[in-house]
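*Asks:* Turn this into a structure:
(one chain, ligands or ions: 1)
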Amino acid sequence: MNIVLLGPPGAGKGTQAARLAKASGLLHLSSGDILRAERRAQTELGQKAQEFMDAGNLVPDDLILTMMMHHMSKPEATGGFLLDGFPRTVAQAQGLDVRLSREGKKLDAVICIEVEDEVVLKRLTGRWSCANCARIFHEAFSPPKKNGVCDNCGHSLSRRKDDEPDVVAERLRTYHELTKPLVAYYRDEGLLRPVRGIGSVDEVGEAIRKACPGL
Ligand code: AMP
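*Replies:* Residues are numbered from 1 along each chain as shown. Alright, predicted model coming up:
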């Protein structure tokens, strides 16, 4: 199966995708995580992406499409993949459809996790992550055992620059303007599976499984 997880920043796409990938064996491909790894490695792509990401803007479609198609063509992806954070514009979705059909592949479902803007703001601005192992904590919902230190690897925690309140507001504006139209795009393709993203991680996971029985 090839699945897309759609929804605003902070909807829980990454958390749910990681769980689904573990349970289903599908390859989890997060465009944000891949870009952050490119930045850490100081690749040409990482350097190009940096200023867009720090401002809460989208990285250009052609760069993202090439990067994601490269990952989808890896041998680990032959059993299917879960796309998280991609596509994020209608142009990316169209590019993805064309490139997948060229390879004789297609999407099977698009799970849209729905969460209100106020919830997103609260979730993201309280989020702290480990730059070493990528584990994520939240000061209110899932605090680390020791303040500012990763439970998993002991590295110090930091707030992503794009989780600062003014950048989150910009990311939400970008979501409504450029990504939300994908809901109609995938509804028209008959692929959309809307899921309410409020509740515990288990509850949302269960709602996803109900909306997408093959998973
Ligand atoms: P995320 O972790 O998914 O919120 O992504 C962090 C940042 O990476 C976004 O704010 C964008 O700057 C960039 N990014 C991630 N995925 C995409 C995409 N599909 N298209 C354009 N930019 C992206």
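
*Asks:* Grab the nearest non-local neighbour of residue 52.
*Replies:* If you skip the residues right next to it in sequence, residue 52 has residue 59 as its closest partner in space, 4.7 Å away by C-beta to C-beta, 6 or more residues apart in numbering. Any C-beta I mention is one placed from the backbone N, CA and C, and that applies to glycine too.

*Asks:* Identify the residues contacting the residue of the chain most remote from its centre.
*Replies:* Seen from the C-alpha centroid of the chain, the residue lying at the greatest distance (C-alpha atoms, centre = their mean) is residue 146, 27.2 Å away. Counting by C-beta atoms under 8 Å, 6 or more residues apart in numbering, residue 146 touches no other residue.

*Asks:* and whatever residue of the chain ends up closest to the ligand, how many residues sit next to it?
*Replies:* The chain approaches the ligand most closely through residue 32 (2.2 Å), counting by C-beta to the nearest ligand atom. Applying the criterion other C-beta atoms under 10 Å, we find 18 residues in the vicinity of residue 32.

*Asks:* I figured it hits residue 88, correct?
*Replies:* No - the pair residue 32 and residue 88 does not pass the contact test of C-beta atoms under 8 Å, sitting 9.7 Å apart.

*Asks:* about what we covered before: shouldn't the residue farthest from the centre of the chain be within a helix?
*Replies:* No - under DSSP: H, G, I helix; E, B strand; the rest coil, residue 146 falls outside any helix and is assigned coil.
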